[in-house]
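Asker: Quick one, structure for this:
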Amino acid sequence: MANLGRLSSKDAVLFLCDMQEKFRPNIFQFNNIVSNAARLLQASRVLGIPPILTEQYPKGLGPTVPELGAADLKAHAKTSFTMMIEDVKKELEALGNPKQAILCGIEAHACIACTTFDLLERGVEVHIVADAVSARSQTDRLFALSRLKQSGAFLTTTEAVLLQLVQDAKHPNFKQIQQLMLHPSPDTGLLAFFSAM
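Answerer: Here you go, the predicted structure:
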């Protein structure tokens with residue numbers, strides 16, 4: 001049977017990639033991307049999904065932005081264009097090597113792409129949250145999403161992830177997740193991409 005990409009909170013990990021202060025003025029739809037990622041982080045806490053946070057060269061690019069709500073997380077500093085550095089690999093091993101990765105952050109054609117390739121090569125199912133991923137250029141963002149889909153990643157949205165993780169209005173945490181969906185996700189400029197698919 002083909003892999004459908006059905007998310008499960010029991011075997012997933014949330015990757016939060018490089019949403020840092022110095023990127024703020026240059027990343028397309030930065031505030032909306034961070035807002036969606038923050039909702040995913042809140043949901044991960046409600047549902048017991050472990051989050052992993054990285055920062056690209058924090059000495060030069062600054063810390064993770066406060067509105068992500070990740071101040072309590074250990075940020076793994078890196079210089080490589082993948083989140084799959086040794087510390088992150090060790091953290092995944094300590095978590096029992098989850099089989100699904102929910103990926104958001106920046107930049108789509110750099111760190112998101114390299115992380116996706118590394119995870120796919122490890123046999124991990126990758127779910128890229130398209131409305132929680134961006135780049136400086138909308139062209140780079142959209143072509144990266146297309147390329148990553150070709151490589152075998154699943155493209156999804158913030159709200160779709162939230163609903164897939166609970167799967168039923170009778171889920172014990174549904175009311176808390178529903179609160180995160182009171183306002184629809186902001187438009188992050190993906191409609192042109194969707195119409196070209």
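
Asker: Could you export stretch 128-146 as PDB, CA atoms only?
Answerer: Listed next in PDB are the C-alpha coordinates belonging to stretch 128-146 (Å, rounded to 0.1, in the frame of the first residue of the first chain):
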ATOM      1  CA  ILE A 128       6.600  20.400   5.300                       C
ATOM      2  CA  VAL A 129       4.100  23.000   6.600                       C
ATOM      3  CA  ALA A 130       4.000  25.200   3.500                       C
ATOM      4  CA  ASP A 131       2.300  28.200   5.300                       C
ATOM      5  CA  ALA A 132       5.000  28.000   8.000                       C
ATOM      6  CA  VAL A 133       7.900  27.900   5.700                       C
ATOM      7  CA  SER A 134       9.400  30.800   3.600                       C
ATOM      8  CA  ALA A 135      12.500  32.400   2.100                       C
ATOM      9  CA  ARG A 136      13.700  35.800   1.100                       C
ATOM     10  CA  SER A 137      12.400  35.300  -2.400                       C
ATOM     11  CA  GLN A 138       8.900  33.900  -3.100                       C
ATOM     12  CA  THR A 139      10.400  32.300  -6.300                       C
ATOM     13  CA  ASP A 140      12.900  30.400  -4.200                       C
ATOM     14  CA  ARG A 141      10.200  29.400  -1.700                       C
ATOM     15  CA  LEU A 142       7.800  28.100  -4.300                       C
ATOM     16  CA  PHE A 143      10.400  26.300  -6.400                       C
ATOM     17  CA  ALA A 144      11.800  24.700  -3.200                       C
ATOM     18  CA  LEU A 145       8.400  23.400  -2.200                       C
ATOM     19  CA  SER A 146       7.900  21.900  -5.700                       C
END
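
Asker: what about that stretch, average pLDDT?
Answerer: On average, the pLDDT along stretch 128-146 is 96.

Asker: Tell me how far that stretch lies from the chain's centre.
Answerer: Centre-to-centre, stretch 128-146 and its host chain are 12 Å apart (C-alpha atoms, centre = their mean, to the nearest Å).

Asker: ditto for stretch 179-190
Answerer: The answer for stretch 179-190 is 15 Å, by C-alpha atoms, centre = their mean.

Asker: could you point out the longest helix in this protein?
Answerer: Scanning the chain for the longest helix, with DSSP state H as the assignment, gives helix 30-47.

Asker: Okay, buried residues for that one please.
Answerer: Applying a neighbour-count criterion of 16 or more other C-beta atoms under 10 Å, one finds 30, 32-44, 46-47 buried in helix 30-47. Backbone N, C-alpha and C define where each C-beta goes, glycine included.

Asker: what do you get for stretch 84-102?
Answerer: Using 16+ other C-beta under 10 Å as the test for burial, stretch 84-102 gives 84-85, 88, 92, 98, 100-102.

Asker: Likewise for stretch 57-70?
Answerer: Neighbour-count burial for stretch 57-70, counted by 16+ other C-beta under 10 Å, picks out 58, 64-65, 68-70.
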